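**Student:** Using only what follows, build the 3D model:
(2 chains)
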Amino acid sequence: MRRFLLLVAAMMVAFSSVAQKRTVTGLVTDQSGAPLPGVNIVVKGTTNGTITDFDGKYQLDAKASDVLKFSFLGYIPQEIPASNSVINVKLKEDTKSLDEVVVVGYGTQKKSDITGAVASVSADDLKGQPVSSVDQALQGRVAGVQITSNSGAPGGSISVRVRGIGTINNADPLYVVDGLPVGDINFLNPNDIASVEILKDASASAIYGSRGANGVVLITTKKGKLNSKASVNLDVYYGVQKVINNWKTTTGPEWYQIQEELNKTRTKPIDLSLVDKNQNTDWFNAITRVAPMQNYNFGVTGGSKAMTYALSIGHLNQEGTVEGSSFERTTGKLNVGYQVSKRFKIGTNLNIEHSKKYSISEENYHVGVINTAIKIEPVIPVWKDKANHVYDYSKFTDYPNPVAAIQYDNNHSEKLQLVGNIFGELELAKGLKAKTSFGQSSYRTDYYNFTPVYSVNINQQNLVNNVYRKYARGDYWSWENTLNYDAAFGKHSLSALAGYTMEEGNYEWFSASKNNIPNEDPSMWYLDAAADGDLATSKESSVSMMSFLGRINYSYENKYLATVNFRADASSKFPKENRWGYFPSVALGWKISKESFLENATWLTNLKLRAGWGQIGNQNIGSYPYQETMNGNSQYRYLFGMTPTIDQGYVVTGMVDQSIKWETVESLNFGVDASFFDDRLQTTIDWYNKKTKDMLVQVPIPYYYGYEDGPTSNVGSVKNNGLEVSVNYRDRISNKLSYNVGFNIATVKNEVLSLGNGKPIAGGTYYGGNATRTEEGEPIGYFYGYKTDGVFQSQQEIDKAPVQEGSSNEDLKPGDLKFVDVNGDGVVNDEDKTYLGSPIPKFTYGFNLGVTYGAFDLSAFVQGSQGNKIFNAMKTHLYNFDETNKSTDMLNSWTPTNTNTNMPRLNGNDKNNTNRTSDRFVEDGSYARLKNITLGYTLPKSLVQKAGIASLRFYVSGQNLVTITNYSGADPEIGQNATDKYLTRGVDIGTYPQAQTYVFGVKLGF
Amino acid sequence: MKISLKTYTKALVIGCLGLSVVSCSDFLDKQKLGQETSAVYFNSQDKAIHSVTAAYSDLKDYRFGWFQWAFGETLSDNAIYSGSDGDSGGFQPLKDFNGTADMSQVRYKWELCYRGINKSNQAIEGIEAMNDDLFTTPGLKKRLIAEARFLRAYYHWNLVITFGKVPIVDHLIKTADEKIAPSSISDVYDFIASDLEAAEADLPLKSEYAASDIGRATKGAADAFLAKVNLYRKNWTDAAKWSKKVIDSGEYQLDPNYAHQFSFDGENGMESIFEIQFYDSPTETSAYRNNGNFQTLFQLPRNITYGYGINQPTKNLYNAFMAENDTVRMQATLLDTTEVFHNELADLYTALDQAEQSGDQATIDKAKANLAAGKTRLTFDRTGFYNQKIYVDPAHRATHIRNNGNNTRVMRYAEVLLMYAEAEYHLGNETEALAKMNMVRERVNLPDKSVSGDALLQAIYTERRLELAMENDRYPDLVRTGRANILPNWTEAHEYWPVPQAEVDITSGDVPQNPGYTATGN
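**Tutor:** Residues are numbered from 1 along each chain as shown, chains lettered A, B, ... in the order given. Purely as a prediction, here's the structure:
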């Protein structure tokens, strides 16, 4: 838009006629006195005008009776009579958000001209949260963007879902940082972010074609401004984190009492003399700690006449609330722009990140550290003999001692990542600009592990020490070339974009391990030191893509808007015949408030209707989905010869669909942007319907085909629709007091329309089987199992009841759990398994409040999720009639004298399969969380300036201070069990819980 | 820094040209790295060999071996499933001839055979399409195809005796829309015979193979299976013809020491026609990847060794040996509990001996107590017998539980003699039948029999049982000869296993459930 204005101004100069005039000169600056180049100056009511030069100076012929109008994007226009021959002007920044410039992919647009569903979050909205990643800071900020931590571990993964879940496959959005597509944004320091834009619908994201289906997150990092003084900032905070743990498990004596009761009915009672009834170990407590977190950011931004710069260095050091986990990250950033000449500009954006992460075993539902800490018996002490470092162990199960597991695990990784681009932009003619940009994103990750010789007991021992090393690298480059054309003809204005891009990525990892290191000193934890057991594996892939893209923004009378996007992508992932994918979109906007019939409605500042349609793709489906490969797995070896020698066989084990192509999403969006009372109240409402076609589903094949896996084909379909509303109100009551409140809410309805001929897909594996199922007519990954209906209260009730398990109810007694015969055929069996709830919330919301009173500022932010269910897989242990730790609910088990309960009788000889996957373990996962509250105090300028300081602010901040939920596990924020296990959403197998964080910080500006 | 506009423009133009010169398909053609695609694979003799190796590999898969004995022996009067209560209970429906279509055992049997068939087809079609010049001799190309055809026939034969009507997969299936309906039992046998006949023409004799190729399918193996297949379809002429061909080949003879052929030393020995090869390889230990014999782990006595104590021979089998006074084969086939203790607790017995020599009563008592305690380690011994033919004594036992290197004997010369005897009996040549049967008896020091008529046939049947006991032949043999009704709970309706429910479901009933089983598998 800025270009557009420049163009208009230039045309005005060209066509102006000269009359009786004198020369007016002056300097235009911002409030701080920094010169503003490019300010548009027009003699009001004429086409006579000019623009300021690089020094903010201008010269214009005008009559003394003329009025000069000074306007500049982002500033409040001023009108000044040209009575003096020197007129210096200070322009005030316009904080009205509707004039904000929004990044839309390969360019920017005025927010008021946006026709698609684009959400914009500024750095101000994100600041202050003590979190390590931008994703986390975005949680609850944007309607329709559901962000869930998969793990509370420092540096843990986060799943971001834009407008529901579009596919059973990878539904991660595309991230674009300063124009460069990247796989994730963990390398970014949240402090370096200037703004985040999320392209939610196809009409906005179609410009990213085959990668836009799951939404696009555009991140712009902080840049310097031309002609601005260097601003130096130092921001330091220190905090402590405390794990959130709401598990209610038994104490040692309680556990013992339950086991004594169970022993009465066990065919083989467990030997309780092996344990001390009064021992009471809180295992969860034993693996957790109060963990410190500290963060340092130092930055300098500024600009000269021709150059802008922003440089920053950050360091984060976060210990995990679970022992053995930590994350340390150092980031460096440099953004530079240089105006080589009037028409030629160059620049670079560079990021460098180094991180070091210690992690614990989390994803394993059998021996995961948190999982075992929840289920191991409380009567077992951590130590058998602490002085001699001898751990104790479970006397009844084969689950490991989690404290020992942490100690013997030395798993950690170090990552170095470089992301950056360089660009040049040339104005070829008026309104026509060519830009070329070359970007590179490279990472190197080193993984280290060492497993010492140890023996806790037979189930937890390692007899031969082992050293493990892995190295992974990724190198991706992208070359983008675009042409931009802006023009206005009378009432028409047009902005067009055309471009082509080439991209290539090369990825590789290899790992090696060896055994038998002669001594276990850390200096020997290297492959070099090990004697034998050499094992090496690797994986490598290469992908490339070539694209043409185009966009036209057209507006008529600045009232009627139209945007057309088009992208053609050709990807190496697909066979030649299906290589090209075409992704069109169109969107229309109508600024009703500009119509004459609303001109007099002073309460209404802006009202715009939007409608958009588009098709976009998802190609997150592996690098070579169509290539049928020979499998040389060691399983396919055979032996020949009198002295057996192994011959490695090669064979195709997976069928491949040679005609595989992209998943396509077609989306329709209707929206309203409205603002009232001089923009004090702003609201955006969107309704969308998004349909994924050609979803890749593994097609089941008959066993007689003889392949191990069927082909993955474009046969599935998924629908998401919902409504998104966000409302913001800001006001200044006095010079001292201003405030803002905001609210956003989004509904989503997700439904699998088709899996082709595919059968339902079981997912969410836990120790008792599968918790989730994906099938036609239901949401992705819904919970599936038996329904229960309390407990049997009498023998008569049992006799009348459908067969619960096996062939008769003869083994059942009052107090046993009652399963529902859903289909009414008299037998409870597989066919009675049914829908038990969905992990997808009915709606998610966020609420924020900010108040500034004099030197104090307060902000609070609440975020929540409503209507989603959690499958509490840990409860299948805690409710089991076995030897593991028990839920305190078990103390309220049915007995002939305690009949008013849903907890079945304690039965050590359970013939009812009581703990099968059922609604007993499906809980309401709704929650409302006070995500952040921050109180700041800024010292008076008069005071600090004496010390040569521009600004000094102290703040305290609390993260996750209050969570309101009915969920009985540690914490209701349950994502996926692992980043690539898409159908495990909401299954709690001992998720690393979120932490409460208390932070104190200082921000210093020079 | 000064860059002239001209230079920049030039760079841009070159860049644009560059784009059009770098042809789209060059830039976008990405070969899969680190793994060959099937499109380019078959381009050398070595790769052809490796392709056939994969077809053999399913023989080694533990889930294939599992249902060789679980079907061949456990269903019969020779053995019970045994193992823990869970193991035993899990198999009981099948043992009671009331197995259900959703049992994983049923699916494994079906699945593994078809995997082997698919791999055989990949090898056959891949190698057939190769240029002859790629092979050092034309014979090698033919041999490799013949080996794969032998395997394809062998896997189909396993299917037909277990499930009856099954789909014949005689080519490589390439797209997911192909449908093959099950064929009649006789058509399946015809297909198996034709594959074996084609294979036997191109397969070398055992003696023609290099020592490094021992273990591959031979002409003798194909001939012996042709005899067996014809025996199953009661084509006595062909059964006699093919078994005679094996006998006349002079390639095989009876091992004078019956037990020796089941030892490590006897592997691939003079009597051996086809064996599944195993090897205690130090590098693989997991269930699917190991090169050892998982079946040994299954059948070693429970807890006193690392074994599971499954497939325990019955007293009925012991009695059958004793009825014939057949101690040689009884001892080579059955390992009784006392022997187990002596083998597994040798050190405790030695300690007791030493204690007894010392005469110190306290030491003797302690040693006795230790031995008694040692004996209690043997659990779930339900019959008092274990399978001696697969037992590996402590001295030879692999350290890793799944790695025992003992081969599984699939076809022996003694069986060929008995097949020939049976076929000749049916063709009316009782003398010839008697002679071959007595050859087998003489080897184990049993007196010649001189019977005729049905008594001779029954004698041959008995001989088969004793000679091949615990070698996975008994149940299909009883079915074949119409004698399976001696088994408790057996019904002709459940003579075959049900088709896996998953297969019925996936094919939407195009592969229907076997008669006698309901759609839901009850």
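**Student:** quick one: terminal-to-terminal distance for stretch A:57-75?
**Tutor:** For stretch A:57-75, the first-to-last residue distance is 17 Å (C-alpha to C-alpha, to the nearest Å).
**Student:** Can you pull up the most central residue in chain B?
**Tutor:** residue B:65 (4.9 Å; C-alpha atoms, centre = their mean).
**Student:** contacting residues around that residue?
**Tutor:** B:59, B:276, B:293, B:294, B:295, B:408 (C-beta atoms under 8 Å, 6 or more residues apart in numbering or on different chains). Backbone N, C-alpha and C define where each C-beta goes, glycine included.
**Student:** hmm, 10 Å instead?
**Tutor:** B:58, B:59, B:112, B:276, B:278, B:293, B:294, B:295, B:296, B:298, B:408, B:472 (C-beta atoms under 10 Å, 6 or more residues apart in numbering or on different chains).
**Student:** How about residue A:824?
**Tutor:** Per C-beta under 10 Å, 6+ apart, neighbours of residue A:824: A:802, A:832.
**Student:** Assign it to helix, strand or coil.
**Tutor:** coil (DSSP: H, G, I helix; E, B strand; the rest coil).
**Student:** how much space is there between the residue in the stretch 301-450 of chain B that chain A sits nearest to and residue B:262?
**Tutor:** Nearest residue of the stretch 301-450 of chain B to chain A (C-beta to the nearest C-beta) works out as residue B:405 at 7.4 Å. Distance from residue B:405 to residue B:262, counting by C-beta to C-beta, to the nearest Å: 13 Å.
**Student:** Which residues of the stretch 651-800 of chain A lie near chain B?
**Tutor:** Counting by C-beta under 10 Å from any C-beta of the partner chain, the stretch 651-800 of chain A comes close to chain B at A:651-653, A:655-659, A:699-708, A:710-711, A:713, A:715, A:756-757, A:759.
**Student:** Is there a quick PyMOL command that grabs whichever of those are buried?
**Tutor:** Those of these that count as buried under 16 or more other C-beta atoms under 10 Å in any protein chain shown are selected in PyMOL with:
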select buried, chain A and resi 651+652+653+655+656+657+699+700+701+702+703+704+705+706+707+708+710+711+713+715+756
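**Student:** How about the residue in the stretch 351-500 of chain B that chain A sits nearest to: what's its closest non-neighbour residue?
**Tutor:** Distance from chain A to each residue of the stretch 351-500 of chain B (C-beta to the nearest C-beta) is smallest for residue B:500, at 6.6 Å. Excluding its sequence neighbours, the residue lying closest to residue B:500 (C-beta to C-beta, 6 or more residues apart in numbering or on different chains) is residue B:107, at 4.0 Å.
**Student:** returning to what we had before: please name the nearest non-neighbouring residue to the residue of the stretch 301-450 of chain B closest to chain A.
**Tutor:** residue B:280 (3.9 Å).
**Student:** Surely the one you found touches residue B:407?
**Tutor:** No. Look at residue B:280 against residue B:407 with C-beta atoms under 10 Å: they stay out of range, at 11.6 Å.
**Student:** between the two, what contacts are shared?
**Tutor:** What both residue B:280 and residue B:407 touch, as defined by C-beta under 10 Å, 6+ apart, is the set A:644, B:264, B:293.
**Student:** Rank those residues by pLDDT and give me only the lowest.
**Tutor:** Lowest in pLDDT among those is residue A:644, which has 90.
**Student:** What is the burial count for that residue?
**Tutor:** When counting by other C-beta atoms under 10 Å in any protein chain shown, one arrives at 22 neighbours for residue A:644.
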